[in-house]
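> generate coordinates for the sequence data below:
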Amino acid sequence: MADVLTPNIETKSEISYTNPVFESYFADPFACHFGPFFYAVGTGGAITDDNRVFQLLRSENLVNWTSLGLALIKPEGFEDGCYWAPEITEIDGTYYMVYSVGQGDKNHQIRVAAAPSPEGPYRDQGQLTDPQIPFAIDPHIYLHTDGHSYLYYATDFLDGDRPGTSLVVDRMISATQLAGQPVVVARATSDWQRYQSSRPIYGKTLDWHTLEGPSVVRHEGKIYVFYSGGNWQNETYGVDFVSADHPLGPYTNTTLDRPRVLRTIPGKIEGPGHNSIVLGPDNQTLVAVYHAWNPDRSARLMRIDPIQWTPDGPIIDGPSLSQRSIFRHG
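Okay, here's the model as predicted:
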């Protein structure tokens, strides 16, 4: 996301929330604001349709959400595809949804769709990533102060001490075309980022690491790329960050032996991650919107908590376990 803009929302009182803020399956939640409303779009859910995918929610306050149904018309040839991690951005008056689609966890590609309204329906405009890339997921568009938009995404590397899914960024020539010169943002450097030991993949057996779900915010002149690492299926999953002065880097990666921004609370909250960032309805508070498993691990549910800035960088003030009131209005 670019430097955070002020949503056009009139507010009058304090809002209380208790996580999760949406009770149905809603993984990889991306939140944004356009006009008087917040919107959220995510992976999976209870609503299914042969022709559409990606449930779209609307809210006036980030707390109370209403479903608008499924937002993306499936492109021809991908009717049976596996769709992941959509995000929405506005460019020159048109609303674009970037997402990945593949067969199971294989052959994922990043595509882009467009709509005249944030509420869709979104119609596919083609593939963004190079067809030679066998796996590309979790797209995120960031508009920098230089006037250029940049696409961050996750892709696979087989070389180095810690092969696995890593983060790259590429400059966007237009809303539907990349420059085709991706730059590495972050690769795994720590054991907590291991997805699976001795994983059979690409015809090899590798200790596989995963960094995914990039989300970008600019704070005091520096770019922070939040990402999720580890295995989304268990307690290893959490959020960390890298930083740079420009989207194309170079990036500083100082992760510790655990995720610094957001992590599992044993016995209470498991696998929090894949966050997006949006300015809250008080026009001041940066809010992380993320998912975590419900108690019986049958669904990943959407949660919100504020971001705080410390001398060591950003943290998400959570996962919260009880009612909070953080949004003051008026």
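> show me which positions of the top strand by length along the chain end up buried.
Of all the segments assigned as strand in the chain under DSSP state E, the longest by residue count is strand 204-219. Of the residues in strand 204-219, those with enough neighbours to count as buried (16 or more other C-beta atoms under 10 Å) are 206-218. No exception for glycine: its C-beta is placed from N, CA and C like everyone else's.
> can you check stretch 104-112 too?
Taking 16+ other C-beta under 10 Å as the basis for neighbour counts, the residues of stretch 104-112 that come out buried are 108-112.
> strand partners (parallel or antiparallel) of the helix or strand following the longest strand of the chain?
Secondary structure here is assigned by DSSP states H and E; on that basis, the next helix or strand after strand 204-219 toward the C-terminus is strand 222-229. Paired neighbours of strand 222-229 in the sheet (DSSP bridges): strand 204-219 (antiparallel), strand 238-244 (antiparallel).
> turn those into CSV, including mean pLDDT.
Conversion of these to CSV gives the following (pLDDT from 0 to 100):
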stretch, mean pLDDT
strand 204-219, 97
strand 238-244, 98
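> okay, those in TSV with distance to Asp92 next?
Supplementary listing: those in TSV, determined by distance: least, C-beta to C-beta, whole Å:
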stretch	distance to Asp92
strand 204-219	20
strand 238-244	26
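> low pLDDT regions in the protein?
Counting by pLDDT under 70, the ranges of the chain that qualify are 1-12, 326-330.
> got a list of contacts for stretch 87-96?
Stretch 87-96 is contacted from outside by 30, 32, 34, 39, 41, 97-99, 112-118, 120, 122, 125, 139-141, 143, 149, 175, 276, using C-beta atoms under 8 Å, 6 or more residues apart in numbering.
> quick one: which of those residues sit in helices?
Assigned to helices by DSSP state H, none of these qualify.
> ok, of the residues you listed, which come out buried?
Under a neighbour-count criterion of 16+ other C-beta under 10 Å, the subset of those counted as buried comprises 30, 32, 34, 39, 41, 97-99, 112-115, 118, 120, 122, 125, 139-141, 143, 149, 175, 276.
> you'd agree Gly318 is up against Gln308?
No. Counting by C-beta atoms under 8 Å, Gly318 sits too far from Gln308 to count as a contact (10.0 Å).
> same drill for those two, tell me which one is more crowded.
Gly318 (23 against 12; other C-beta atoms under 10 Å).
> tell me the secondary structure at the more buried one.
Classification of Gly318 into helix, strand or coil gives coil, according to DSSP: H, G, I helix; E, B strand; the rest coil.
> the stretch 101-250 of the chain: strands as residue ranges?
Secondary structure of the stretch 101-250 of the chain (DSSP state E, counting those that start in this stretch): strands at 106-115, 122-127, 136-143, 149-157, 164-174, 177-178, 183-186, 194-201, 204-219, 222-229, 238-244.
> quick revisit: what is the nearest of the buried residues of stretch 104-112 to Asn294?
Taking C-beta to C-beta as the measure, His108 is the one of the buried residues of stretch 104-112 closest to Asn294, at 25.8 Å.
> count the residues that sit near the closest residue to that closest one other than its chain neighbours.
Distance criterion C-beta to C-beta, 6 or more residues apart in numbering; nearest residue to His108, sequence neighbours excluded, is Gly102 at 3.3 Å. Burial of Gly102 is recorded as 19 neighbouring residues (other C-beta under 10 Å).
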